[in-house]
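Asks: after the sequence you'll find the predicted model.
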Amino acid sequence: MTTTQSPDAATRYPEAAIEPDPTVPAIHIWRDFAATPAQLFRAHTDRELFAQWSGPSSVGAEITEWDARDGGSWRYTARGMDGRDEFETSFHGCFHTVREDRIVQTFTWDGMPDDVALETMTFEDLGDGRTRLHAFSLCDSFEARDGWLSSGMEVGVHDGYAAIDRLLADGTL
């Protein structure tokens, strides 16, 4: 699957599908939400909303920088429990394109500071009260991509998207 191909609208993603691209060092994430594109855009660009859903459910996000506009930057620190141990890790990046149907940004996990991903996120209205989020993260190398995939990122993706579902259900979003 390339960056321009998308699964047909008949395919449903009630949970995130996280797939490595076989041809380039990239990760695809697809997830359908009972939401409008505007609601998903807001979840990804509003500082307070982002802090409420980002990452694993056992982790809190302290946003230290957030300027969701073309040319803006962002940074946050995640703190929580990993089993019995407390941990802290940070992420940062720059917004390149911020519009209601598309966000393009860089994404760097401070745990792998040399491996910067360029992420393009689109919000596709499926026409049935649902919107498909597609995140395409282009990594520096296949090794970096595989490192991300083996880092446990799926826990944060699944927990975070479930939290978006709860924000939608309770009317916060």
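Replies: Looks like it arrived, so ask away.
Asks: what about the strands in this structure?
Replies: 17-20, 26-33, 59-66, 73-82, 85-99, 102-109, 117-125, 131-138 (DSSP state E).
Asks: tell me which of these sits nearest to Gly171.
Replies: strand 26-33 (14.6 Å; C-beta to C-beta). For the C-beta atoms, the positions are set from N, CA and C on the backbone; glycine is no exception.
Asks: distance between the helix or strand of the chain with the lowest mean pLDDT and the chain's centre?
Replies: Lowest on mean pLDDT, DSSP states H and E among the helices and strands of the chain sits strand 73-82, with a mean of 87. Put simply, strand 73-82 sits 14 Å off its chain's centre (C-alpha atoms, centre = their mean, to the nearest Å).
Asks: can you check stretch 163-173 too?
Replies: Worked out by C-alpha atoms, centre = their mean, stretch 163-173 lies 16 Å from the chain centre.
Asks: list the buried residues of it.
Replies: Residues of stretch 163-173 classed as buried by neighbour count (16 or more other C-beta atoms under 10 Å): Ala163, Ile164, Asp165, Leu167, Leu168, Leu173.
Asks: okay then, goodbye and thanks.
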